[in-house]
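Colleague: Fold the following, please.
(one chain, ligands or ions: 1)
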Amino acid sequence: MENLAGDRPTAEPNPAAGATAVVAPSPSATVQIRNLNYFFGQGELQKQVLYNINLDLLPGQIVIMTGPSGSGKTTLLTLIGALRTVQDGSLRVLGRELVGMGRGQLVEVRRNIGFIFQAHNLFDSLTASQNVEMAVELMPNWRTKREQSVAMLTQLGLGERVDYKPRALSGGQKQRVAIARALVNQPTLILADEPTAALDKKSGREVVELMQRLAKEQNCTILMVTHDNRILDIADRIVSLVDGRLESDEDLTHFMESHDPRTLDRRMFMTL
Ligand SMILES: Nc1ncnc2c1ncn2[C@@H]1O[C@H](COP(=O)(O)OP(=O)(O)OP(=O)(O)O)[C@@H](O)[C@H]1O
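Modeller: Below you'll find the model as predicted:
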């Protein structure tokens, strides 16, 4: 593991205390965010969408990120995924500081992250196995790639469907192919944006339970953006973004206690 002993704690304004709080570095964190601000546009059209975010995601944790539409969830997810350039603050992912990185280095970081999006982005002309094989890295030959892909698809209950094309698969099955593709390289970080949005209740449940099982088996960190309150219980922690600010960061029990279930949908899950 990289030695972060040289990192200094970062000063963070703490409005509640009316003073400056110190956020200590967390050497073992998969993701460590300190004083992160993000802006879209430039000059007079510049608009700040993330304000002073501080957050650590630890190995093996499943963290759900909620918040009203437009609160900045996808922006934060894409920053962590090295899909955008970080402008201000510090963002360490898998031990590497993303601030100041060039495009090539960001691509390197991305290789170690599994992405699962709502639109599964499968190639229609390729079979389930070929879609997964495309993601397999550093394998000497196609036979090994095929074996790995089939093994992962089988783990996800698609052993009988490896040679089917996406149009012959259900929504839940397609999403499982996307999950197989994200997991096949055994990433230590998985970023998921609304992975259950297109699925019915049963398929959505199956998909997140599979993610949960594989996360625990592979000790990877999962950060999942969702408006789906049916899957909250798989989270170890729930963080809420409101107007670009981290409003709360709680374990599941505290989250359920502090949010009235009757108003939960309206406050935190506005698109339901
Ligand atoms: N490319 C862009 N250029 C300018 N503004 C943008 C861009 N992408 C997002 N925004 C703005 O940034 C803010 C945060 O958007 P973001 O998509 O991160 O929110 P979100 O919480 O993921 O919303 P949703 O739940 O609806 O997906 C919004 O006000 C949005 O309009």
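Colleague: So which residues of the stretch 101-250 of the chain form strands?
Modeller: For the stretch 101-250 of the chain, the strands defined by DSSP state E, counting those that start in this stretch occupy 113-117, 189-193, 221-225, 237-242, 245-251.
Colleague: a markdown table for those strands, including mean neighbour count?
Modeller: For glycine as for every other residue, the C-beta is placed from the backbone atoms N, C-alpha and C. Conversion of the strands of the stretch 101-250 of the chain to a markdown table gives the following (neighbours: other Cβ atoms under 10 Å):
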| stretch | mean neighbour count |
| --- | --- |
| strand 113-117 | 22 |
| strand 189-193 | 24 |
| strand 221-225 | 25 |
| strand 237-242 | 21 |
| strand 245-251 | 16 |
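Colleague: Out of these, flag the one nearest R92.
Modeller: Evaluated with Cβ to Cβ, the strands of the stretch 101-250 of the chain place strand 189-193 nearest to R92, the distance being 11.6 Å.
Colleague: coming back round to it: turn the strands of the stretch 101-250 of the chain into CSV, columns for distance to the ligand and mean pLDDT.
Modeller: Formatted as CSV, those follow (distance: least, Cβ to the nearest ligand atom, whole Å; pLDDT from 0 to 100):
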stretch, distance to the ligand, mean pLDDT
strand 113-117, 11, 86
strand 189-193, 8, 92
strand 221-225, 7, 94
strand 237-242, 6, 94
strand 245-251, 12, 90
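Colleague: Distance to I53 added to the ones you listed, as JSON lines?
Modeller: Listed next are these as JSON lines, based on distance: least, Cβ to Cβ, whole Å:
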{"stretch": "strand 113-117", "distance to I53": "18"}
{"stretch": "strand 189-193", "distance to I53": "15"}
{"stretch": "strand 221-225", "distance to I53": "13"}
{"stretch": "strand 237-242", "distance to I53": "8"}
{"stretch": "strand 245-251", "distance to I53": "6"}
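Colleague: Now do the contacts for N112.
Modeller: Neighbouring residues of N112 by Cβ atoms under 8 Å, 6 or more residues apart in numbering: L94, N185, P187, T188, L189.
Colleague: Which ones among the residues you listed map onto helices?
Modeller: With DSSP state H as the criterion, helices contain none of the contacts of N112.
Colleague: From the structure, what's the count of residues near Q87?
Modeller: Counted with other Cβ atoms under 10 Å, the neighbours of Q87 add up to 12.
Colleague: With G41 instead?
Modeller: Residues within reach of G41, counting by other Cβ under 10 Å, total 10.
Colleague: One more: the one 3 residues further on?
Modeller: Each residue near E44 was counted by other Cβ under 10 Å, and the total is 5.
Colleague: Could you report the separation of it from T75?
Modeller: 20 Å (Cβ to Cβ, to the nearest Å).
Colleague: again with F117
Modeller: As judged by Cβ to Cβ, F117 and T75 stand 14 Å apart.
Colleague: now H227
Modeller: Taken as Cβ to Cβ, the span from H227 to T75 is 16 Å.
Colleague: Ok, T226 next?
Modeller: Applying Cβ to Cβ to T226 and T75 gives a distance of 16 Å.
Colleague: which one of those two has more residues nearby?
Modeller: Neighbours were counted for T226 and for T75 using other Cβ under 10 Å; T226 has more, 25 against 18.
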